[in-house]
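Engineer: Provide a 3D model corresponding to the input given below.
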Amino acid sequence: MEANPMNMVETKRVDDANKTPREITGNQNKPPTSDPEVVKIQAWWRGTLVRRTLLHAALRALIIQNWWRQKLVKLLEDKRRMALETFIQREWAAVRLQSWVRMWRIHRRYCCLLNAARIIQAYWRCHSCATQGFIKGHYRVTANQLHLELEILLGSEPCIVTECIPLPIKE
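Structural biologist: Okay, here's the model as predicted:
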């Protein structure tokens, strides 16, 4: 009978089908041949696999490290921005408070001057009725001062009052 490779493969399949599972696995678990060229190729292949695995692990580690550095930079920027916003908010609060205090002081000074003018006017109106004297005067307001000149005439004694009152105005 002529040996046909196809028939042999079919025969092996038929033969394998008739064998028990132990016999099939027994054939597959043969000890590896100790051919030095085969061992060299296997060692090269295992080394290539290990190097590839280490390269992938190193690349993944670099990706994670770059991501973490970016996160740290963003966190640092956020901290700096928050600190700057807090500083600006406190500075503006201080400026507003100082402005309000200056405004209150100027208003209080103005009210005192207005009250003094009213007292003088009321006194002299009442007094001029009794003594037939009169008051004449004028005032001038500049950027930071109030110039007040009053001339009070009572009979033979004229009294001239001149005053320059500084106004505390923010420059």
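
Engineer: where does this structure have low pLDDT?
Structural biologist: For the chain, applying pLDDT under 70 flags the ranges 1-33, 127-134, 154-156, 169-171.

Engineer: which stretches of it form strands?
Structural biologist: Using DSSP state E, the strands of the chain run over residues 134-141, 145-154, 157-166.

Engineer: What angle do strand 145-154 and the lengthiest helix in the chain make with each other?
Structural biologist: For the chain, the helix that runs over the most residues, judged by DSSP state H, is helix 36-131. Counting by axes from the mean of the first three to the mean of the last three CA atoms, to 10 degrees, helix 36-131 points 10 degrees away from the direction of strand 145-154.

Engineer: Around Leu49, count how many other residues there are.
Structural biologist: Using other CB atoms under 10 Å, Leu49 is surrounded by 10 other residues. C-beta here means a position set from N, CA and C on the backbone, and glycine is covered the same way.

Engineer: quick thing: my sequence starts at 29, can you match it?
Structural biologist: Done: numbering now begins at 29, and the last item shifts to Leu77.

Engineer: hmm, back to that, Val129: which of the strands of the chain is closest?
Structural biologist: Evaluated over the strands of the chain, closeness to Val129 peaks at strand 185-194, with 17.5 Å, by CB to CB.

Engineer: So what are the sheet partners of the closest one and their directions?
Structural biologist: strand 173-182 (antiparallel) (DSSP bridges).

Engineer: Check which residues of the partner strand are buried.
Structural biologist: Neighbour counts over strand 173-182 (16 or more other CB atoms under 10 Å) mark Leu174, Leu176, Leu178, Ile180, Leu181 as buried.

Engineer: need those in JSON lines with distance to Ala121, can you?
Structural biologist: Shown next, in JSON lines, are the buried residues of strand 173-182 (distance: CB to CB, whole Å):
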{"residue": "Leu174", "distance to Ala121": "32"}
{"residue": "Leu176", "distance to Ala121": "38"}
{"residue": "Leu178", "distance to Ala121": "44"}
{"residue": "Ile180", "distance to Ala121": "49"}
{"residue": "Leu181", "distance to Ala121": "54"}
